[in-house]
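K.L.:
only the shape, not the letters, is given here:
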Ligand code: COA
Ligand code: MG
């Protein structure tokens, strides 16, 4: 049924960003693993995981790697150094040359940073498909989250997604890393709300202890419940759990089929509210059901090309 794949306004219906793996561009061994990993997206990091004296080497690695690698469905995102850093312009020149799917700006605190990057891309005639993602990882970034996200509605800003960075935010706020993230949740929810207000995707922060699988799954489940689209990951061992936790469950897919079918029934053509198995279902639920089916279809379409 074609209507199952129709895009609701503003948000990609089928774009998967469940597992967003970051890899230091300076680490050739890790780069060499990417093509065999089942993550939805890869962030090639030129920023904090690369020491100042290694920045040029990291850029060169990335240039060699991305000009040869076939990453198939995986979204390719390059995290550059900050707009105000001495590395920014060289990083952006590389982004323009490599034309990945997106550039990720770290520590964004004001909309002007997004505009600075967008202007550079436009001046270089970079393709519109080269998008911008913004990391929200400082107190000012959280406070200005709505203003930053509003770039998503500004023509030419290219802003597509927000990513939360809790390592920096914890450092700046003195909130310790604790299970449940109790005192960080208000900040996280502000970022989710800002993203949704302007039709952006939003990705949860990394979980540092890559050997604590139980803790990681619990945090993925929490992130999903908070409305995140996926999680930024630091290690390949986190991919499977993130894909599972942020993907639609079997029962969600079944329910989505039921809702879409019910509203496609000519008998319900003029109804905005119907009864499905004792639950009130509104026409607005059909849009969300189509989104779930779109994601399920994207996951299914991949099965043939999986590593
Ligand atoms: N992407 C791709 N491959 C990775 C990887 C990553 N992020 N992290 C580890 N691997 C590979 C390793 O190269 C290793 O491969 P090998 O068996 O062929 O040697 C394998 O996975 C197992 O790795 P492991 O030995 O468990 O960990 P490590 O000591 O090599 O690396 C980290 C641990 C944390 C240093 C590494 O995972 C990492 O750099 N993560 C990303 C950090 C980052 O980008 N930070 C900035 C944003 S928060
Ligand atoms: Mg950071």
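P.N.:
That came in fine, so what should we check first? Just so it is clear, the model here is predicted, and its values are computed rather than measured. Ligands and ions are numbered 1, 2, ... in the order given.
K.L.:
in space, what's closest to residue 161 - neighbours in sequence excluded?
P.N.:
residue 201 (4.1 Å; C-beta to C-beta, 6 or more residues apart in numbering). (Glycine included, C-beta is placed from N, CA and C.)
K.L.:
quick check: that neighbour vs residue 215, distance?
P.N.:
In this structure, residue 201 and residue 215 are 24 Å apart, going by C-beta to C-beta, to the nearest Å.
K.L.:
could you check which of the two is surrounded by more residues?
P.N.:
Between residue 201 and residue 215, counted using other C-beta atoms under 10 Å, residue 201 has the larger neighbour count: 20 against 13.
K.L.:
burial count for the nearest residue to residue 210 once chain neighbours are set aside?
P.N.:
Excluding the flanking residues, the one nearest residue 210 by C-beta to C-beta, 6+ apart is residue 235, at 3.7 Å. Neighbour count of residue 235, defined by other C-beta under 10 Å: 17.
K.L.:
shouldn't residue 235 be in contact with residue 212?
P.N.:
No - using C-beta atoms under 8 Å, residue 235 is not in contact with residue 212; the gap is 11.1 Å.
K.L.:
remind me which residues of the chain are low pLDDT?
P.N.:
Counting by pLDDT under 70, the ranges of the chain that qualify are 1-14, 304-307.
K.L.:
and it, which of its residues are near ligand 1?
P.N.:
By the rule C-beta under 6 Å from any ligand atom, the part of the chain lying against ligand 1 is 21-24, 29-30, 33-34, 45, 48-49, 206, 234-236.
K.L.:
and residue 74, how far from ligand 1?
P.N.:
Using C-beta to the nearest ligand atom, to the nearest Å, residue 74 is found at 12 Å from ligand 1.
K.L.:
list the contacts of that residue.
P.N.:
By C-beta atoms under 8 Å, 6 or more residues apart in numbering, the residues touching residue 74 are 34, 39-42.
K.L.:
who in the stretch 101-250 of the chain is up against ligand 2?
P.N.:
Counting by C-beta under 5 Å from the ion, the stretch 101-250 of the chain comes close to ligand 2 at 137, 165, 168.
K.L.:
my guess is residue 117 meets residue 89, correct?
P.N.:
No - checked against C-beta under 8 Å, the pair residue 117 and residue 89 is beyond contact range at 10.7 Å.
K.L.:
between those two, tell me which one has more neighbours.
P.N.:
residue 117 (24 against 13).
K.L.:
what is the helix or strand containing that one packed up against?
P.N.:
Using DSSP states H and E, residue 117 falls within helix 111-123. On a contact count with 3 or more C-beta pairs under 8 Å, 6 or more residues apart in numbering; DSSP states H and E, helix 111-123 meets helix 88-98, strand 102-105, strand 131-136, helix 145-149.
K.L.:
how about the ones you listed in CSV, adding distance to residue 64?
P.N.:
Below are the helices and strands packed on helix 111-123 laid out as CSV (distance: least, C-beta to C-beta, whole Å):
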stretch, distance to residue 64
helix 88-98, 11
strand 102-105, 19
strand 131-136, 23
helix 145-149, 33
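K.L.:
ok, back up a step: now rank the residues of the stretch 101-250 of the chain next to ligand 2 by neighbours and give me the top one.
P.N.:
residue 137 (24 neighbours).
K.L.:
just to check, that one is in contact with residue 168?
P.N.:
Yes - counting by C-beta under 8 Å, residue 168 is a contact partner of residue 137 at 4.0 Å.
K.L.:
residues shared between the contacts of those two?
P.N.:
Shared contacts of residue 137 and residue 168 (C-beta under 8 Å, 6+ apart): residue 107.
K.L.:
longest single helix anywhere in the protein?
P.N.:
Counting by DSSP state H, the longest helix found in the chain is helix 283-302.
K.L.:
how long is stretch 277-286 from one end to the other?
P.N.:
One end of stretch 277-286 to the other measures 15 Å (C-alpha to C-alpha, to the nearest Å).
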